[in-house]
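**Q** coordinates only, sequence not included:
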């Protein structure tokens, strides 16, 4: 007989975590996804290796963009059967931004900001794949977890809980587990059919994860430097030396400890060095890991490679205490 998870006698979150710990991949279909819901389970997939298929696929059915954007997608594809690159790129960005706004709605804390970075990292690593279901509003709640077990290869949870902290553990809900082979196989096929539906919008779907990843990263809260912050003067000094190169900036230069515009950097090599050091310092200010910083540098194809290398080296020098 199926177990009932109503978040009263048994909460779904506890069962979901325990099942994730013995699983190798997962498929979730939910109406809504938010950051705190994901934070509740993100550590349970950190060790997954996407190169061998260990991925959590998430299909979101109700966090849909504005109707006119969806209509434009369908109108474009009905007219020509494919999307031109410009339209596809614009719609991908709009859809990803919409999903980002919904997931991050109401985030106030440093802990949530850290969770945002974890999700962005998992998206970039391929451990997580998020897709929006566009053809019609989809309010299903399905959690499928797969493992190497001849007797129980798939564990399913079906019911009313969205992938939110309230849905998984706080609100009164009604969910049941599904363990029989025939039932879980049917649910898996149902999920695949929707996750891969409508070939004409594959251009949207194949890139939405990376767009969401960048949207998360660029939505990181802006750090506010205080007088006692160790990075304040190193950043201010270098910025002033780049800006204060004539007498009209003397007051600004003196406010950060320079003698005046005479201390400004006009030599091209010196200015490039200061810019690289600023990049390294600011990356640390945002708390970016080296892998995250390298990923960002790689996203700017027009920036010369030597500039990227210099910024990367500066990041490492800041970490070693060589840039102060």
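**A** Arrived safely. All values reported here derive from a predicted model rather than from experimental measurement.
**Q** Residue 254 touches residue 261, doesn't it?
**A** No: the criterion here is C-beta atoms under 8 Å, and residue 254 misses it with residue 261 at 9.7 Å. Placement of C-beta: from N, CA and C, glycine included.
**Q** any idea how far residue 47 is from residue 24?
**A** Residue 47 is 10 Å from residue 24, where distance means C-beta to C-beta, to the nearest Å.
**Q** Mind checking which of those two has more residues around it?
**A** Neighbours per residue, other C-beta atoms under 10 Å: of residue 47 and residue 24, the larger number sits with residue 24, 15 against 9.
**Q** Now do the contacts for the more buried one.
**A** 48, 53-54, 146-148 (C-beta atoms under 8 Å, 6 or more residues apart in numbering).
**Q** let's see it at 10 Å
**A** 48-49, 52-55, 145-148 (C-beta atoms under 10 Å, 6 or more residues apart in numbering).
**Q** The stretch 1-150 of the chain: helices as residue ranges?
**A** 12-20, 35-39, 67-80, 85-103, 110-125 (DSSP state H, counting those that start in this stretch).
**Q** So the chain: which segments form each domain?
**A** Domain assignment for the chain, taken from automatic domain parsing, gives 4-218, 232-320.
**Q** between the contacts of residue 24, which is closest to residue 11?
**A** If you rank the contacts of residue 24 by distance to residue 11 using C-beta to C-beta, residue 145 comes first, at 16.4 Å.
**Q** need the contact list for residue 230.
**A** 284-285, 324.
**Q** list the residues that contact both of residue 47 and residue 24?
**A** With C-beta under 10 Å, 6+ apart as the test, residue 47 and residue 24 both reach residue 54.
**Q** Residue 162 versus the residue nearest the centre of the chain, what's the distance?
**A** Nearest to the geometric centre of the chain sits residue 120, at 2.7 Å (C-alpha atoms, centre = their mean). Separation of residue 120 from residue 162 (C-beta to C-beta) stands at 21 Å.
**Q** rewinding a little: lowest-confidence stretch among the helices of the stretch 1-150 of the chain?
**A** Mean pLDDT per stretch puts helix 67-80 lowest among the helices of the stretch 1-150 of the chain, at a mean of 55.
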